[in-house]
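S.K.: This is a predicted model, with the sequence first.
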Amino acid sequence: MWCDNCLLLLPLRSGAMAWAFIILLYSLAGGIFLLEYGQYFYFVYPEWTIYGIIALAVAFNALINLVALSNKSYLWGRVCRATWPVLLVLCGVRAVIMIWELNRGQDKIAWECQNGQLWADSAAAGYGNTTAFPSGICPPGFHALYTAFIVGLLADLGFQIYMLFLNWRFTTLLEKYDSLSSSYGGLYTA
């Protein structure tokens, strides 16, 4: 028999809505960051754009999931139930490639920090809006930046896995809703 409250950190519906909102916020911020400053970390043109678009797709899916949970929508809950696994695999692949490429380009990032401008080949290709390197990136150092990227990407995957579980749990509850019978006090029994 399934436990309806197992593995829940918060109440199902409101907790899932809060979880989706957190994913929406950090995915939106990460997508905008990658689209705005990705050319300083990744040195092949469409690379940072693809990473940013994937982050924005996760934010959009979290928004759809948030609306589905707030309206108790079975249809949109099922849509998210189908899209979260696809996005989870896509984000897993993206995380591995992002970490690999960041590690591969660490010499170029160190050069950018030392010279205060965009990598020469990137600037010649017209990647950045400006050749001036953002000042807040270099002080922590490459390894702190690299660690932050790894921890952030792993936390992102963990949050998405839990959101997949919450969405699955909520849509399963909606599927069972017709078979539940009302009892005294507005509680439902199976």
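M.R.: That came in fine, so what should we check first?

S.K.: With residue 23 as the reference, measure out to residue 10.
M.R.: Distance, residue 10 to residue 23, by CB to CB, to the nearest Å: 14 Å. Every residue, glycine included, has its C-beta placed from N, CA and C.

S.K.: And the strand or helix carrying residue 21, what does it pack against?
M.R.: Element membership for residue 21 (DSSP states H and E) is helix 12-37. Counting contacts by 3 or more CB pairs under 8 Å, 6 or more residues apart in numbering; DSSP states H and E, helix 12-37 packs against helix 45-71, helix 142-176.

S.K.: Would you mind finding the most buried of these?
M.R.: Of the helices and strands packed on helix 12-37, the one with the most neighbours on average (mean count of other CB atoms under 10 Å) is helix 45-71, at a mean of 19.

S.K.: Could you tell me the angle between that helix and helix 142-176?
M.R.: Helix 45-71 runs at 40 degrees relative to helix 142-176, counting by axes from the mean of the first three to the mean of the last three CA atoms, to 10 degrees.

S.K.: quick one: helix 45-71 to chain centroid distance?
M.R.: With CA atoms, centre = their mean, to the nearest Å as the basis, helix 45-71 stands 7 Å off its chain's centre.

S.K.: mind listing what the residue lying closest to residue 101 once chain neighbours are set aside touches?
M.R.: Closest residue in space to residue 101, ignoring its immediate chain neighbours: residue 42 at 5.6 Å, by CB to CB, 6 or more residues apart in numbering. Counting by CB atoms under 8 Å, 6 or more residues apart in numbering, residue 42 touches 48, 51, 98, 101-102, 105.

S.K.: Got phi/psi on residue 42?
M.R.: Phi and psi for residue 42, reported as degrees, to the nearest 10, are phi -120, psi 140.

S.K.: if I look at the closest residue to residue 174 other than its chain neighbours, how far off is residue 65?
M.R.: Take residue 174 and drop its neighbours on the chain: the residue closest to it by CB to CB, 6+ apart is residue 74, 4.9 Å away. Going from residue 74 to residue 65 by CB to CB gives 13 Å.

S.K.: Residue 118 reaches residue 40, doesn't it?
M.R.: Yes: using CB atoms under 8 Å, residue 118 is in contact with residue 40, at 6.5 Å.
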